[in-house]
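S.K.: sequence? don't have it. structure:
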């Protein structure tokens, strides 16, 4: 099926909006959409929603003979699939450019950065090693698949547990989870991809492009980093001209984003672990917010279109701005993590009555947040962290 | 006749599902129709089969005096219907026709002569990627749909190429119908916030343009969020926006 | 590869180079008669052959043609005998298709494609011998081939790799240095404007070291551009001697 073509009118409008620092969903230049991480009932199963983009990762393992060149190392295998279900433009069984790029980037981000201890996956040297297979399926495409896929893959790897084995001579016994507790993988660090979209020959830059923005962008720069501020991979694509300074600036932004996302993943993992330990409910069914209509609902408050720059300046100029209630990370249901509900979305409209507007907005947002959290989950566990990072970000 | 009306009556405004049956007695209807030749019109979602009327779409049963019944369903995919006005995106120019994407199963064709004042010599200036507001003159399951940008008198009547500076987005077909309803409250409420231009195509595409990018975005987002809001919620929301804007 | 010392205490690398020293570069243009442009490139032991056809009509389905610029079509392949282990598939696997894609993106940035709407430019590159820096050898060879074909470009595109060992950036890595698992940065640069057409990096590197590494790679690219420039000049001289009266 063909994709809906992009009209000139949309293209012009998007570019004009980007010039004026206005995005379709009211985000700021460096803002991510809501990220929500939830785990399935099985170990190593994870879905990530990034705005409307939705990705599922499943980790599985298998005993295989090792590669000749590396007899003592386990094998990591990554496979990302773009199912036609995610977007009408995707076709199954076709090696599209997007698919190749995503797959290679995922491999580069997770395998080449050696985030998993592959040597611990060796069972008998030269004969049997564990092959860890990560399947990432894109369920809904609304831009920035790379970031969503990398978060899903690494969260799933952290969540995964492989069966315990015992070796007697040359015999390998694999124990079922009932006999012996499965063992988690040893994860050294968590590389996370951050995508930057460039517009108008690199003069404008956005973090986390949505689908429409991806259609009009000139090129993409994907940086994978971990929270120790180590860069795990860089990849530019799409015929753009970059300057060295731009790359360096992106790496600084990425390090901030990565530490936020890492914190979220850890929170989500922690939460899932607790839920399992307490014998509470976990898995996707539990983490899906209970809503009466499931088909036609939209994300809450998508109407927040703001005069972003002005609002941001307003926040900076008023040092004692009323404290924004920004729940980052929030746990909406058991076994999940979520960040950035409500963003810095305000209703700022004209610049004249900035001050009044600000107060009004914050108040309203507080209300909104309350309502949302309550309606979303029955047993609400809300963790509200202080929001130091938030004000920092708006200054940039 | 009343027999039929009465079988519908209980369900008007209620949700009906595919497979629901409305039964009436054929003999009584035929008797009636001899006296007063009145017809029942089955709109989208209803189909007659012998002496029963079957529902084939899920949605709300609607009735219009004197005898029109149809199902209001929430649908996203557009199916071309003759006479409907839609917003299309020009995807290709080939020979004498433009290919236009209307969101249906197939691209529609639009002759370059089907514009006001267009002749063989004087071709309209249409580029690939432009938006056109046009009407279906052929929409048939067996044939390629065809659009025109003129009415039967050869006048543009609001149709043609448009769209500089505004923003196009897609909403569900149900919302579009609500927007296009005469004296739509939603549009009235929106107009109170600030002035803007709007083009609504029956294929679910809406184009808006306001004074600034900011205002255009607000209108677009408000419209998208109207999708599942009650009138009360909507009014409250619009009021908040209006207060902020004024 | 823990046993291998990539940088000795005296500051020499495995093959006796200094940290910022490039490998020997040799190149020739116009090596084939059939093609519109061709070039052969050696960077140390890495050997690449590039052939350019075009601009010509779009082959295959018409739908691929763009109404405002030329399409660039790249195919990267590695000769079956190019590596120590014999390769089974010369092209078509994930890595090669990625490489083709990267080459395409690099040259889309550098070639003035808008001068040839509705046409296609083919770039075929083959690695004859692989010893690290395949991507950069391909880019450099393809640049020369494009110059040979007379296709307008913004500037030379020069590509080079750089690594990072013991706080020292190393330019132009060879295979042994690349496979050690250390950081590898590939950079395609338009040297005059210092615009980066493509950047790619693997393995971990602390953020603070990135500027130094990029600087080293850019310097290496600029060094390469001088070599390429002299190759082009020499080639033109040779050719024009015959045409000059």
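M.R.: Looks like it arrived, so ask away. Remember, predicted model here, so these are calculated numbers, not experimental data.
S.K.: wait, residue B:101 touches residue A:5, no?
M.R.: Yes. Here residue B:101 reaches residue A:5: they are 5.4 Å apart, a contact under Cβ atoms under 8 Å. In short, each C-beta sits where N, CA and C put it, glycine included.
S.K.: so what sits against both of the two?
M.R.: Counting by Cβ atoms under 8 Å, 6 or more residues apart in numbering or on different chains, the common neighbours of residue B:101 and residue A:5 are B:89, B:91.
S.K.: distance of the residue nearest the centre of chain C relative to chain A?
M.R.: With distances taken as Cα atoms, centre = their mean, the residue of chain C nearest its centroid is residue C:139 (2.3 Å). Counting by Cβ to the nearest Cβ, to the nearest Å, the gap from residue C:139 to chain A is 13 Å.
S.K.: and that residue, what does it touch?
M.R.: Taking Cβ under 8 Å, 6+ apart as the definition, contacts of residue C:139 comprise C:103, C:106, C:157, C:158, C:159, C:188.
S.K.: now with 6 Å, please.
M.R.: Residue C:139 is in contact with C:106, C:157, C:159, C:188, counting by Cβ atoms under 6 Å, 6 or more residues apart in numbering or on different chains.
S.K.: quick one, longest helix in chain B?
M.R.: helix B:231-245 (DSSP state H).
S.K.: I figured residue C:206 was touching residue A:232, is that so?
M.R.: No. Applying Cβ atoms under 6 Å, one finds residue C:206 not in contact with residue A:232, separated by 10.9 Å.
S.K.: who has more neighbours, the two?
M.R.: Set residue C:206 next to residue A:232 and count neighbours by other Cβ atoms under 10 Å in any protein chain shown: residue A:232 wins out with 28 against 12.
S.K.: against residue B:123, how distant is the residue lying closest to residue B:124 once chain neighbours are set aside?
M.R.: Leaving aside its chain neighbours, residue B:124 sits nearest to residue B:115 (4.2 Å; criterion: Cβ to Cβ, 6 or more residues apart in numbering or on different chains). From residue B:115 across to residue B:123, the span is 9 Å (Cβ to Cβ, to the nearest Å).
S.K.: try residue B:9
M.R.: Residue B:9 is 55 Å from residue B:123, by Cβ to Cβ.
S.K.: which residue ranges of the stretch 51-200 of chain A form strands?
M.R.: Using DSSP state E, counting those that start in this stretch, the strands found in the stretch 51-200 of chain A span residues A:53-64, A:75-82, A:122-124, A:128-140, A:161-162, A:165-168, A:171-174, A:183-184, A:192-199.
S.K.: save those as TSV, and put in distance to residue A:97 too.
M.R.: Shown next, in TSV, are the strands of the stretch 51-200 of chain A (distance: least, Cβ to Cβ, whole Å):
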stretch	distance to residue A:97
strand A:53-64	19
strand A:75-82	11
strand A:122-124	36
strand A:128-140	15
strand A:161-162	34
strand A:165-168	40
strand A:171-174	40
strand A:183-184	36
strand A:192-199	16
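S.K.: residue A:251: which of those strands is closest?
M.R.: strand A:192-199 (9.3 Å; Cβ to Cβ).
S.K.: shaky segments in the chain?
M.R.: In the absence of a named chain, chain A is used. Across chain A, residues meeting the criterion (pLDDT under 70) sit at A:1, A:93-94, A:280, A:284-396.
S.K.: I was thinking of chain C, sorry if that wasn't clear
M.R.: C:1-4, C:244-245.
S.K.: tell me which residues of the lengthiest helix in it are tucked away?
M.R.: Ordering each helix of chain C by length in residues (DSSP H) puts helix C:210-243 first. Residues C:210, C:213-214, C:216-221, C:223-225, C:227-228, C:231-232, C:235 are the ones in helix C:210-243 that count as buried (16 or more other Cβ atoms under 10 Å in any protein chain shown).
S.K.: for stretch B:60-77, same thing?
M.R.: B:60, B:61, B:63, B:69, B:70, B:71, B:72, B:73, B:74.
S.K.: is chain C contacted by whichever strand or helix holds residue A:250?
M.R.: Following DSSP states H and E, one finds residue A:250 within helix A:244-277. Yes. Applying Cβ under 6 Å from any Cβ of the partner chain, one finds helix A:244-277 touching chain C at A:244, A:248, A:251, A:255.
S.K.: for burial, what's the neighbour tally of the residue lying closest to the last one once chain neighbours are set aside?
M.R.: So the one you mean is residue A:255. Computed as Cβ to Cβ, 6+ apart, the closest residue to residue A:255 that is not its neighbour in sequence is residue A:229, at 4.9 Å. For residue A:229, the count of nearby residues is 17 (other Cβ under 10 Å).
S.K.: in this structure residue A:229 contacts residue C:209, no?
M.R.: No. With contact defined as Cβ under 6 Å, residue A:229 does not reach residue C:209; the gap is 10.3 Å.
S.K.: how close does residue B:211 sit to residue B:165?
M.R.: 10 Å.
S.K.: these two - which one has more neighbours?
M.R.: Set residue B:211 next to residue B:165 and count neighbours by other Cβ under 10 Å: residue B:165 wins out with 13 against 10.
S.K.: check for me that the more buried one belongs to a strand.
M.R.: No. Read with DSSP: H, G, I helix; E, B strand; the rest coil, residue B:165 is coil and lies in no strand.
S.K.: kindly provide the distance from it to chain C.
M.R.: Taken as Cβ to the nearest Cβ, the span from residue B:165 to chain C is 22 Å.
S.K.: what residues are up against that residue?
M.R.: Residue B:165 neighbours (Cβ under 6 Å, 6+ apart): residue B:209.
S.K.: closest to the centroid, which residue in chain B?
M.R.: Most central in chain B (Cα atoms, centre = their mean) works out to residue B:202, at 2.8 Å.
S.K.: which of the residues in the helix or strand encompassing residue B:5 are buried?
M.R.: Taking DSSP H and E as the definition, residue B:5 sits inside helix B:2-9. Buried residues in helix B:2-9, counting neighbours by 16+ other Cβ under 10 Å, are found at B:4, B:7, B:8.
S.K.: against which helices or strands is that helix packed?
M.R.: Using 3 or more Cβ pairs under 6 Å, 6 or more residues apart in numbering or on different chains; DSSP states H and E, no helix or strand is in contact with helix B:2-9.
S.K.: and that helix, how far out from the chain middle?
M.R.: 28 Å (Cα atoms, centre = their mean, to the nearest Å).
S.K.: now flag whichever of the residues of helix A:244-277 next to chain C is closest to residue B:92.
M.R.: Nearest to residue B:92 among those, with distances taken as Cβ to Cβ, is residue A:244, at 41.4 Å.
S.K.: what's the separation between that closest one and residue C:196?
M.R.: Applying Cβ to Cβ to residue A:244 and residue C:196 gives a distance of 7 Å.
S.K.: these two: which is more packed in?
M.R.: Neighbour tally, residue A:244 and residue C:196, criterion other Cβ under 10 Å: the higher count belongs to residue C:196, 26 against 19.
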